[in-house]
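Colleague: below are the sequence and a predicted model; questions follow.
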Amino acid sequence: MAAAARRAGAAEVREALAAVADLGPYYEIGTDPAEEADPTWRPMPERDADRLLGLTEEYARRLGTGERRVAASILFQGLASRLFCPVVAAAASSGVVPDLSGLHWRWAPGAPIALWLKDPSGRHAGDAAAAAGQVRAAVVEGQLRPLRETMLTFVGLADGLLWGNAAASLAGSLRAGTMRPALAPALGALVDELFTRAPLAGTGAFNGSGFVRRSCCLYYRVPPGGEMCGDCALRR
């Protein structure tokens, strides 16, 4: 039996997340304890369907679409990116996988979604397989599945679409390796390992031009219509 992963302390998790935050806004999770004074932070995953519906409607307004399922799909993919990117990059950079059980989010109309981790903790991962198990537990099981369950109370979206969105977000986290080439080997090994595990297994594949998913996020339905993502199955 494999030994249990060694726990990472708050300082180690803060350092790991700070080390990747400058990769861009999708890689930012705040850890400043002073943020606890802000009452607008809410626990993530959000389980209040009305709040998620309000955010979905805001996305629909920004996108200029009257189709709730289109806006909900793009929102889910965006949230998946915000969750996968910092966690995967931190794991590849420092070997520390943050525990997201203390994650909070904040949003107001017209503002970007912000993330903050209360009482940071995590674990050290010895190899890609161990890291993948921890990332899957933190992101997929701890965050994306509950978000999916709440969103499905007000919009109908197929699982193939939602997990395809998550897969595209995970593949997008590989951009960190182009910005920091030293991260690329560990990042690639971790992402490859995650794609062998449910529910991401079978959602797409890498070829010479990058990741190609087996589903569509519905972006082509955003007005004026017809534009497809680079990884879309419909392009093939």
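Modeller: Yep, it's here.
Colleague: okay, now the unreliable bits of the chain?
Modeller: Scanning the chain with the threshold set as pLDDT under 70 gives 1-4, 226, 231, 233-236.
Colleague: let's see that with 90 instead.
Modeller: Counting by pLDDT under 90, the ranges of the chain that qualify are 1-5, 107-112, 125-126, 207-210, 212, 216, 218-221, 223-236.
Colleague: any chance you could map the strands in it?
Modeller: Under the criterion DSSP state E, the chain carries strands at the ranges 7-8, 42-43, 96-98, 103-106, 114-117, 122-124, 204-207, 210-213.
Colleague: which of those strands has the highest mean neighbour count?
Modeller: Burial of the strands of the chain is given as mean neighbour count (mean count of other CB atoms under 10 Å); strand 96-98 ranks first at a mean of 28. In this view, the C-beta of every residue, glycine as well, is placed from N, C-alpha and C.
Colleague: who's in contact with the residue lying closest to E35 once chain neighbours are set aside?
Modeller: Once flanking residues are discounted, E35 sits nearest to W116: 5.0 Å by CB to CB, 6 or more residues apart in numbering. By CB atoms under 8 Å, 6 or more residues apart in numbering, the contact list for W116 reads I29, G30, T31, D32, E35, W41, L103, H104, W105, R106.
Colleague: so what's W116 bridging to?
Modeller: Beta-bridge partners recorded for W116 (DSSP bridges): G30, H104.
Colleague: how close does it sit to V212?
Modeller: Computed as CB to CB, to the nearest Å, the W116 to V212 distance reads 34 Å.
Colleague: repeat for P33
Modeller: Taking CB to CB, one finds P33 at 43 Å from V212.
Colleague: which one is L187 nearest to, not counting chain neighbours?
Modeller: Among residues not flanking L187 along the chain, A92 sits closest, at 4.1 Å (CB to CB, 6+ apart).
Colleague: correct me, but that neighbour touches P181?
Modeller: No - in this structure, A92 is not within contact of P181 by CB atoms under 8 Å, at 12.0 Å.
Colleague: now stretch 17-31: buried residues?
Modeller: By neighbour count with 16 or more other CB atoms under 10 Å, stretch 17-31 contains the buried residues L17, A19, V20, A21, L23, Y26, Y27, E28, I29, G30, T31.
Colleague: typed the wrong thing, it's stretch 32-40
Modeller: E35.
Colleague: select the longest helix from this protein.
Modeller: Counting residues, the longest helix found in the chain (DSSP state H) is helix 68-94.
Colleague: could you check how far it is from the centre of its chain?
Modeller: Counting by CA atoms, centre = their mean, to the nearest Å, helix 68-94 is centred 2 Å from the centre of its parent chain.
Colleague: T31 contacts L115, doesn't it?
Modeller: No - T31 lies out of contact with L115 (CB under 8 Å); the separation is 9.9 Å.
Colleague: quick revisit: and which of the buried residues of stretch 17-31 is nearest S169?
Modeller: Y26 (9.0 Å; CB to CB).
Colleague: okay, A92 and P181: which has more neighbours?
Modeller: The neighbour comparison of A92 against P181 (other CB atoms under 10 Å) goes to A92, with 27 against 9.
Colleague: measure that one to G133 for me?
Modeller: 15 Å.
Colleague: repeat that for T153.
Modeller: Distance of T153 to G133, given as CB to CB: 29 Å.
Colleague: which ones are touching R69?
Modeller: Taking CB under 8 Å, 6+ apart as the test, what R69 contacts is V155, G156, L157, L218.
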